[in-house]
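Novice: just the structure for this:
(one chain, ligands or ions: 1)
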Amino acid sequence: MSDKKLPTVWILGGPGSGKGTLCDKIVSKYGFTHISTGDLLRDEVNTGSERGQELVKIMKEGALVPTSVVMELLKEKISSKLGSSKGFLIDGYPREKQQGEEFEKAIGPVDMILYLESDDDTMVQRLLKRAETSGRSDDNMETIKKRLATFHTHNDPIIEVYKSKTVTISAQQTAEAVFSEAEKSLDTIVVAV
Ligand code: AP5
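Specialist: This is a model prediction of the structure:
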């Protein structure tokens, strides 16, 4: 991927901070390929495979799936899109410092990290609202608490390592305002489609 010099942006933030919502807006303007590791894992679960059954247990506990599994799915997806992509938006990755290191070693360097910062209450309220329609097995209070705990354990060390490339945006504003801040930063590394 380094040979093609496609821009790569990681989107970080706690559960319900608005990562997916922001990615949809970025895709509309910049034509990036959006890859959510949560979606990749849910796709695997939906195949009904043995591996999928193991994954759903981990996700219901709000814990992290082994990096080797996530990396394998990510690499496959990125390879399949390389020919047509204008850049990659990697949503919900890395979840721990080591995942970032492995990505840069195996796939290529990250250009920018957009970190959506929010207090827990806001994230919980959004997820409980989404739970009314999402059908996600991890959108319930018990699992949400565990997802938040996992996030708080691992996020700061990631931001510390990548602070020179990280842009922190308050997630506690309208989705449009979040996008507007993201745009200002993205415009410094890419041109809109
Ligand atoms: P994943 O699917 O990535 O879940 P998550 O990180 O918990 O984030 P969500 O998808 O729930 O929320 P979001 O931040 O995208 O917010 P959204 O835009 O949807 O991961 C699930 C699980 O998979 C993990 O717990 C883990 O087990 C595993 N996993 C995933 N990646 C992994 C990895 N790399 N390594 C290991 N394990 C991994 O918005 C949420 C709601 O809020 C929506 O209803 C939306 O409409 C609303 N909303 C969004 N923005 C705003 C706003 N600005 N104002 C008001 N409402 C808003």
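
Novice: switch to C-alpha atoms for all contacts and neighbour counts from now on
Specialist: Fine.

Novice: alpha carbons only: can I get the longest helix along the chain in PDB?
Specialist: Selection of the longest helix in the chain by residue count, based on DSSP state H, yields helix 141-161. Taking C-alpha atoms only, helix 141-161 is exported to PDB below (Å, rounded to 0.1, in the frame of the first residue of the first chain):
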ATOM      1  CA  MET A 141     -26.400  -1.300  29.300                       C
ATOM      2  CA  GLU A 142     -24.300  -4.200  30.600                       C
ATOM      3  CA  THR A 143     -22.200  -4.500  27.500                       C
ATOM      4  CA  ILE A 144     -22.000  -0.800  26.900                       C
ATOM      5  CA  LYS A 145     -20.300  -0.400  30.400                       C
ATOM      6  CA  LYS A 146     -17.800  -3.000  29.400                       C
ATOM      7  CA  ARG A 147     -17.100  -1.400  26.000                       C
ATOM      8  CA  LEU A 148     -16.500   1.900  27.800                       C
ATOM      9  CA  ALA A 149     -14.100   0.300  30.300                       C
ATOM     10  CA  THR A 150     -12.200  -1.400  27.400                       C
ATOM     11  CA  PHE A 151     -12.000   1.900  25.600                       C
ATOM     12  CA  HIS A 152     -10.700   3.800  28.700                       C
ATOM     13  CA  THR A 153      -8.000   1.100  29.300                       C
ATOM     14  CA  HIS A 154      -6.500   1.300  25.900                       C
ATOM     15  CA  ASN A 155      -7.200   4.700  24.300                       C
ATOM     16  CA  ASP A 156      -4.800   7.100  26.100                       C
ATOM     17  CA  PRO A 157      -1.600   5.100  25.200                       C
ATOM     18  CA  ILE A 158      -2.600   5.200  21.500                       C
ATOM     19  CA  ILE A 159      -3.100   8.900  21.500                       C
ATOM     20  CA  GLU A 160       0.200   9.300  23.400                       C
ATOM     21  CA  VAL A 161       2.100   7.400  20.700                       C
END
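
Novice: that one and the ligand in contact?
Specialist: Yes. Helix 141-161 is in contact with the ligand by CA under 6 Å from any ligand atom, via Arg147.

Novice: who does the next helix or strand after that helix touch, helix- and strand-wise?
Specialist: Next helix or strand after helix 141-161 toward the C-terminus (DSSP states H and E): strand 166-170. Strand 166-170 sits against strand 112-117, helix 175-186, with contacts defined as 3 or more CA pairs under 8 Å, 6 or more residues apart in numbering; DSSP states H and E.
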